[in-house]
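K.L.:
When you get a sec, could you give me coordinates for this:
(one chain, ligands or ions: 2)
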Amino acid sequence: MTRTGSCLCGAIRYETDQEMGPVTGCHCTQCRKWTGHHVAALPVPWDALRLTGALTWYAASPGARRGFCGTCGSSLIWEEGDGLAYLMAGTLDAPTGLAMDGHVFCADAGDYYRLGDGLPRWVAGRSGPEMEA
Ligand SMILES: [Zn+2]
Ligand SMILES: [Zn+2]
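P.N.:
Ligands and ions are numbered 1, 2, ... in the order given. Down below sits the predicted model:
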């Protein structure tokens, strides 16, 4: 299926025919500051993504950068130069047919919310330990 998405004002639009995997919640401080809450994202190869409009980029840490709309401020894409664009799932048009399958960097989650969806909650990345109950 072709999935489409956009920023809030519509200046930036994208579409992809790529089969996409599950959505990951990221609760790291950078993602929370960048979006105003935690991130829900999923990777798609850059070469499978058709993007119109110009992203504005901000590099919060070496080797990675965050693309957003300079007009409306929507957070759209995180990347670290490995050929993958991590789309912010909230910018996809409905229905996505996708589902979240876990949460990363839960040790850095905000103290104002609780995750009660029963999905795996990793302390940091998926390859490390999970949070204690
Ligand atoms: Zn916009
Ligand atoms: Zn993050």
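K.L.:
Only C-alpha atoms from now on, for both contacts and neighbour counts.
P.N.:
Will do.
K.L.:
wait, is residue 37 part of a strand?
P.N.:
No. Per DSSP: H, G, I helix; E, B strand; the rest coil, residue 37 lies outside any strand segment and is coil.
K.L.:
residue contacts, residue 43?
P.N.:
Contacts here follow Cα atoms under 8 Å, 6 or more residues apart in numbering; on that basis residue 43 touches 20-21, 84-87.
K.L.:
actually residue 28, sorry about that
P.N.:
Here residue 28 is in contact with 38, 104-109 (Cα under 8 Å, 6+ apart).
K.L.:
among these, who's most crowded?
P.N.:
The residue in the contacts of residue 28 with the most neighbours, by other Cα atoms under 10 Å, is residue 104 (24 neighbours).
K.L.:
Would you mind giving the contacts of residue 43 as a markdown table with neighbour count added?
P.N.:
Shown next, in a markdown table, are these (neighbours: other Cα atoms under 10 Å):
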| residue | neighbour count |
| --- | --- |
| 20 | 16 |
| 21 | 13 |
| 84 | 18 |
| 85 | 23 |
| 86 | 22 |
| 87 | 23 |
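K.L.:
Mind checking which of the residues you listed are in strands?
P.N.:
84-87 (DSSP state E).
K.L.:
Report the two of these separated the most.
P.N.:
Spatially, the most separated pair among the ones in strands among the contacts of residue 43 is 84 and 87, at 9.2 Å (Cα to Cα).
K.L.:
Need the residues touching each of these two.
P.N.:
43-44.
K.L.:
Near ligand 1, which residues of this protein are found?
P.N.:
7-9, 11, 69, 72 (Cα under 5 Å from the ion).
K.L.:
Can you flag the buried ones in the residues you listed?
P.N.:
7-8, 69 (16 or more other Cα atoms under 10 Å).
K.L.:
and the contacts of residue 28 as a markdown table, adding pLDDT and secondary structure?
P.N.:
Below are those laid out as a markdown table (pLDDT from 0 to 100; DSSP: H, G, I helix; E, B strand; the rest coil):
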| residue | pLDDT | secondary structure |
| --- | --- | --- |
| 38 | 97 | coil |
| 104 | 98 | strand |
| 105 | 98 | coil |
| 106 | 98 | helix |
| 107 | 97 | helix |
| 108 | 97 | helix |
| 109 | 97 | coil |
